[in-house]
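J.: sequence? don't have it. structure:
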């Protein structure tokens, strides 16, 4: 279910500051047309914390319609750091959602035993399979390979978006011994190629808004064992990701998408500020001519 590239869509805004639903639909279609296996709505890249409930519903409805037409997987980010309210949000997911991306509880730091209990309770409550979002540099909660394997044994937990900030011993240990039916998706864009080399099956990558086909090719090459293609392509795309994350996500990505005429404005909502012209120009240049 989780193989391939899944693009965590940005939320385009109009010049008057509203969600540009037509641009959401256009962008969703383009990502799938270029080979993405699915979309992620309401992730961090979507500025979900700055969207009101009506805007969130509009984004999900739009993405669900496009994914249904294209028979693509739609994953929706479900926020919350306590079990009861997160379970309630999962139960309220609308029709057309195929999976839910749920972050390890942030700020509370419940310990690894608490993380296991949290996700097992959510898995029992959820009408769709869960994808754990492991990103300790945002949550403040470390989660080791043994903990992820214990969670992954549950039949309603499909995998993990792995964004640990690099490749370490836990990464190697996890990918060496995965539960059946539990997949690892790269979540740190610059490290997705080595993660695929170790056995990941895809990625949830903001950088895949740009050069989508190339990120799809990278996954396909590693899954096919085509190292001669995968290794240099991975190095090239890591440079692109580094340029796209030169300023807070998704500001540079939105700047590049706007410069290419794919979204109506490069605007973001406070506390984010638009990316500098220099960062946008450099990222656009690197995407066309890596190494510059």
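T.: Good, I have the coordinates. The shown structure was predicted, so the numbers you read here are calculated from the model rather than taken from an experiment. Residues are numbered from 1 along each chain as shown.
J.: and residue 11, how many residues sit next to it?
T.: Per other Cβ atoms under 10 Å, the neighbour tally for residue 11 reads 29. In short, each C-beta sits where N, CA and C put it, glycine included.
J.: Chain neighbours aside, what residue packs nearest to it?
T.: Leaving aside its chain neighbours, residue 11 sits nearest to residue 46 (4.7 Å; criterion: Cβ to Cβ, 6 or more residues apart in numbering).
J.: number of nearby residues for the one you found?
T.: If we define neighbours as other Cβ under 10 Å, then residue 46 has 25 of them.
J.: swap in residue 180?
T.: Neighbours around residue 180, by other Cβ under 10 Å: 7.
J.: State whether it is indeed within a helix.
T.: No. With DSSP: H, G, I helix; E, B strand; the rest coil as the criterion, residue 180 is coil rather than part of a helix.
J.: and it, what is it in contact with?
T.: The neighbourhood of residue 180, defined by Cβ atoms under 8 Å, 6 or more residues apart in numbering, contains no residues.
J.: next one: phi and psi at the residue nearest to residue 35 when sequence neighbours are not counted?
T.: Closest residue to residue 35 apart from its sequence neighbours, by Cβ to Cβ, 6+ apart: residue 216 at 3.7 Å. Backbone torsions of residue 216, given as degrees, to the nearest 10, read phi -60, psi -40.
J.: Surely residue 216 touches residue 34?
T.: Yes. Using Cβ atoms under 8 Å, residue 216 is in contact with residue 34, at 7.0 Å.
J.: if we can go back for a sec, residue 225 versus the residue nearest to residue 35, what's the distance?
T.: 17 Å (Cβ to Cβ, to the nearest Å).
J.: Between these two, tell me which one has more neighbours.
T.: Shown here are residue 216 and residue 225; by other Cβ under 10 Å, residue 216 has more neighbours (19 against 9).
J.: separation between that one and residue 223?
T.: Separation of residue 216 from residue 223 (Cβ to Cβ): 11 Å.
J.: one step back: pop out the phi and psi values for the residue nearest to residue 11.
T.: The phi and psi torsions at residue 46 (degrees, to the nearest 10) take the values phi -80, psi 0.
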